[in-house]
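Asks: please work out how this folds:
(one chain, ligands or ions: 1)
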Amino acid sequence: MNKVAVSQSPWSIINRDHTRLKHNITRSAFEVWLTIWNGPRQQWIEKNIYVVDLFAGPGYCYDEKGKRESSGSPIIFLEEILKKKQKIIGNQICIEMFLVEKDLDAFKELKINTEKFIKDNNLRKVVKITYYNDDCNLSINDILYNIKKTQKRPVFFFVDPWGLQTDKETIKKIVNLPNKKDIIMNYMLEGIKRVVGVYEKVVFAHSEDLKELNTAKRLQKFLGSAISPYQNLNQTKKHLEVLVGYCEVFNNAELNVVLFDMRHQSKNKIIYVLLHACSNNTITNVIDSIMKSEQQKNMPQRILITDAVTKKLLKKKR
Ligand SMILES: C[S@@+](CC[C@H](N)C(=O)[O-])C[C@H]1O[C@@H](n2cnc3c(N)ncnc32)[C@H](O)[C@@H]1O
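Replies: Next comes the predicted model:
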């Protein structure tokens with residue numbers, strides 16, 4: 001990694017057990033997805049399947065000195081593909097990956113790391129990558145243009161921002177894709193809590209401060225219409241209601257949603273909610289049990305706050 005990136009060390013997992021946990025769950029969910037779509041029952045699918053990582057990062061997690069600590073999402077996907085390489089070749093499947101990273105340094109690193117992994121492990125026949133050094137809310141249009149719209153080509157989406165950078169419109173576009181899809185998304189609860197006061201200042205006290213106006217605009221773009229009926233959002237209950245409102249975008253498209261609240265280990269507060277959405281009940285149940293088993297391993301005594309949301313969502317679906 002270059003000096004600037006390392007001195008900020010934004011990709012270190014030291015003191016970030018939640019990142020490790022997020023990677024464990026994502027790896028397991030991707031492994032399930034790949035097993036299913038590369039399995040004997042899937043003779044009906046076409047030979048191209050897709051992986052879209054909208055916030056790809058540099059490929060690995062690095063410590064303060066730039067030393068690799070563990071794999072980041074794009075390399076996790078490639079590692080899981082490598083484990084099934086022979087079977088994928090046997091089934092003549094091609095995995096088309098779309099990797100988006102806005103930061104130029106991280107983007108360069110991402111390209112070097114993924115290309116090296118592909119070369120070292122002779123994965124060229126199996127994986128084809130298209131890279132975007134851009135805002136994913138823009139590149140999503142080109143990605144969706146390049147994805148053939150058919151149920152026969154499943155897509156795995158990973159949406160993992162640091163903040164509120166995902167426009168609700170982007171999520172709507174993904175959800176409306178006719179393909180079979182699994183979506184893992186990082187819903188930034190902490191980020192919302194941090195800026196909701198500013199939002200209220202702009203909307204209810206008519207602040208004209210440019211920075212505050214931009215912050216309010218970002219929150220509005222992230223939540224879409226889900227925010228409009230809520231005033232005084234600072235209470236946990238209200239935040240969970242907003243989350244339920246947000247999840248309607250998945251429910252309206254007949255996707256099941258399961259949620260996992262990701263806490264800061266030492267501070268014991270929810271930083272974000274990891275959300276999995278897909279149309280297949282079997283996959284949902286498997287992901288649900290993966291999440292529960294990670295919870296048992298990591299924080300056995302606590303009750304998932306998001307369980308209440310999951311129950312509400314299921315009730316609404318019936
Ligand atoms: C949480 S990190 C991603 C980590 C990565 N998914 C992993 O698991 O290793 C978020 C990344 O998104 C990038 N980013 C921020 N805003 C973005 C945007 N609008 N579009 C694409 N990438 C963005 C950041 O530069 C950062 O590398």
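Asks: and the strands in the chain?
Replies: 48-53, 60-62, 68-71, 94-100, 127-132, 155-159, 181-187, 256-264, 269-278 (DSSP state E).
Asks: in the longest one, what's buried?
Replies: By 16 or more other C-beta atoms under 10 Å, the buried positions in strand 269-278 come out as Ile270, Ile271, Tyr272, Val273, Leu274, Leu275, His276, Ala277, Cys278. Where C-beta positions appear, they are placed from N, C-alpha and C, glycine not excepted.
Asks: how about the residues of this structure near the ligand?
Replies: Residues of the chain lying close to the ligand (C-beta under 6 Å from any ligand atom) are 55-57, 72-73, 100-103, 106, 135-137, 160-162, 165.
Asks: report how many residues lie close to the residue of the chain found nearest the ligand.
Replies: Minimum separation of the chain from the ligand (C-beta to the nearest ligand atom) falls at Gly72, amounting to 2.4 Å. For Gly72, the neighbour count with other C-beta atoms under 10 Å is 26.
Asks: can you redo the strands of the chain as CSV with mean pLDDT?
Replies: Below are those laid out as CSV (pLDDT from 0 to 100):
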stretch, mean pLDDT
strand 48-53, 97
strand 60-62, 90
strand 68-71, 89
strand 94-100, 97
strand 127-132, 98
strand 155-159, 98
strand 181-187, 96
strand 256-264, 86
strand 269-278, 90
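Asks: dump these to JSON lines, plus distance to Leu21.
Replies: Formatted as JSON lines, those follow (distance: least, C-beta to C-beta, whole Å):
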{"stretch": "strand 48-53", "distance to Leu21": "18"}
{"stretch": "strand 60-62", "distance to Leu21": "13"}
{"stretch": "strand 68-71", "distance to Leu21": "12"}
{"stretch": "strand 94-100", "distance to Leu21": "22"}
{"stretch": "strand 127-132", "distance to Leu21": "26"}
{"stretch": "strand 155-159", "distance to Leu21": "15"}
{"stretch": "strand 181-187", "distance to Leu21": "12"}
{"stretch": "strand 256-264", "distance to Leu21": "7"}
{"stretch": "strand 269-278", "distance to Leu21": "8"}
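Asks: for Gly197, which of those strands is the nearest?
Replies: Among the strands of the chain, strand 269-278 comes nearest to Gly197, with 16.8 Å by C-beta to C-beta.
Asks: partners of the closest one in the sheet?
Replies: Note on strand 269-278: by DSSP bridges, its sheet partners are strand 181-187 (antiparallel), strand 256-264 (antiparallel).
Asks: okay if I get those as CSV plus mean neighbour count?
Replies: Shown next, in CSV, are these (neighbours: other C-beta atoms under 10 Å):
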stretch, mean neighbour count
strand 181-187, 23
strand 256-264, 22
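Asks: scan this protein for its longest helix.
Replies: When every helix of the chain is counted residue by residue (DSSP state H), the longest turns out to be helix 17-37.
Asks: quick one, that helix and strand 269-278 angle?
Replies: 10 degrees (axes from the mean of the first three to the mean of the last three C-alpha atoms, to 10 degrees).
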